[in-house]
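# How does the following fold in three dimensions:
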Amino acid sequence: MALRVQELRLSFLWFETLPKPAPEAAPNPLFGFIGNRAAFETEFEKIKSATLDFQKTWWAQNVPPPYNPAKFPTYQKQFDAALEETLSNPTQLTLPWPWRSPRYKHNFWENYNENKSLDSMRGADAWRLRVPLRVTIPATIRAVFAQSAIFVDAFLYPHGIGIALHCRLRPKQKMGDEAAPNQAMSFSLQQLMARAFEARANDAYTLEWKNGATETLKLNPLSTQLFQYVRKLTLGANAIPGGREFKPCTIATVIRASGGDEASALEPEGEIHRALYGLATWRETWESDAGLENPEEANLLQKPHPEGNYLYRAPRGRVVWFPTHFSVKNKRNHKLGCYHRNLTLLTMQTEALLQAVKLVGDTLDAGQTPSAALNDLAYPAATLLGRLYGGKGTYKSISAKAHIETDDMRAMVERVRGHLNIKPAELFA
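Sure thing, here's the model as predicted:
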């Protein structure tokens, strides 16, 4: 039976450094406090208090005891609707993790928070850990190739802005597919790759602002418009763009698939190997490129791991291919969706920290002395990158280590750690 894919998730991530590390001097910016330590800590505390108060009040008022776990999906939908109404104001910042029930646990952020409850995080902790605040963008994004609306994350850091665009690629479903998931429509591998490349480079997105304005843009121009919106709120109407790598980091995860011999080790340069290579590198010539790296060498998973499972890596791309977790028959199996989300957040956080350290590294490379403000900005980031590299006291994934080793970034981080007198300057796994 030929391989068929029922769902692929794609995330595209960019990070832009702000033109200066302390934008509080900009003319009347709404979020101009972001680079000021004391103001950031105060704002974080206010947002956190409002979050906890809303959670506790809503659940206490709307979920009477005794708690019935079977009704949780209904309660959650009602809570999400109330939450959406609360967050309808685009000038309101929120925490970077979802506002959920008091029982909700966010795996990435709790582990990143030194394995502590997020309720215990103070403003000073958030500043030290470079935890961003989330910006609500008052717009809807759609595309022909995506079955549902495209979700956007916009994160505000002391030194920059992170944008993440998330697409869910599924075939259009027929009546009755939800009741009979084994008969759900699906992509062939060729169809899947064509749809993915439409999302990455070949097709247009419709950006519809809540004021009614509509724009049709390809992926990179779309990201530019989103950065412009957040930059204006942060630095004022006349803010100039900061430094940014236009080629996004990407995460692709096959959520559901069936057929074929997908649970076996990949045949070098076979069709699945080539597909993972294409989704990691986004080379239009993925089908014909010669001399591909052996799939076992490109696999970041540490042994022992289930045969046939791959976290395939390229310099700015990751592809999650875990046949042991494909959920064709059980649509309530959310393991791969959660893994995709955690890996996306890890990638954004690692990129943000690297860019903070790079501000000092670039200054040193130019033969100049970094300012005290730049050193203060980079010191926590350089420390945190050491933890992520070693996987200690934080969210543990070898993907972060590989990210730091890309394009000589590790040498730059170690040089800046030495400059900041962080010991040891060298990174150790």
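
# C-alpha only now, for contacts and for neighbours.
OK.

# list the contacts for residue 383?
By C-alpha atoms under 8 Å, 6 or more residues apart in numbering, residue 383 lies in contact with 417, 422.

# ah, wrong one, I meant residue 409
residue 354.

# Helix, strand, or coil at the closest residue to residue 278 other than its chain neighbours?
Sequence neighbours aside, residue 286 is the residue nearest to residue 278 in space, at 5.0 Å (criterion: C-alpha to C-alpha, 6 or more residues apart in numbering). Judged by DSSP: H, G, I helix; E, B strand; the rest coil, the three-state class of residue 286 is coil.

# Quick check, residue 286 in contact with residue 275.
Yes - using C-alpha atoms under 8 Å, residue 286 is in contact with residue 275, at 7.4 Å.

# tally of neighbours for the residue nearest to residue 278?
Residue 286 has 19 neighbours, counted by other C-alpha atoms under 10 Å.

# Can you pull up the most central residue in the chain?
residue 344 (3.2 Å; C-alpha atoms, centre = their mean).

# And whichever strand or helix holds that residue, what does it pack against?
In the assignment (DSSP states H and E), residue 344 maps to helix 335-365. In this structure, helix 335-365 packs against strand 4-17, helix 107-112, strand 160-169, strand 249-258, helix 372-390, helix 398-404, helix 409-419, with contacts taken as 3 or more C-alpha pairs under 8 Å, 6 or more residues apart in numbering; DSSP states H and E.

# gap between the residue nearest to residue 278 and residue 280?
10 Å (C-alpha to C-alpha, to the nearest Å).

# Okay, strands next: where are they in the stretch 51-200 of the chain?
Ranges of strands in the stretch 51-200 of the chain, per DSSP state E, counting those that start in this stretch, are 93-94, 133-135, 139-142, 151-157, 160-169.

# can you redo these as a markdown table with mean pLDDT and mean neighbour count?
Shown next, in a markdown table, are the strands of the stretch 51-200 of the chain (pLDDT from 0 to 100; neighbours: other C-alpha atoms under 10 Å):
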| stretch | mean pLDDT | mean neighbour count |
| --- | --- | --- |
| strand 93-94 | 87 | 20 |
| strand 133-135 | 92 | 23 |
| strand 139-142 | 92 | 18 |
| strand 151-157 | 94 | 21 |
| strand 160-169 | 95 | 22 |
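
# Tell me which of those lies nearest to residue 294.
strand 160-169 (27.4 Å; C-alpha to C-alpha).

# In this structure, what helix or strand scores lowest on average pLDDT?
Across the helices and strands of the chain, the lowest-confidence element by mean pLDDT, DSSP states H and E is helix 72-86, at a mean of 77.

# Going by neighbour count, list what's buried in that one.
75, 79-80, 83 (16 or more other C-alpha atoms under 10 Å).

# swap in stretch 391-405?
Those would be 391-392, 394-405, for stretch 391-405 by 16+ other C-alpha under 10 Å.
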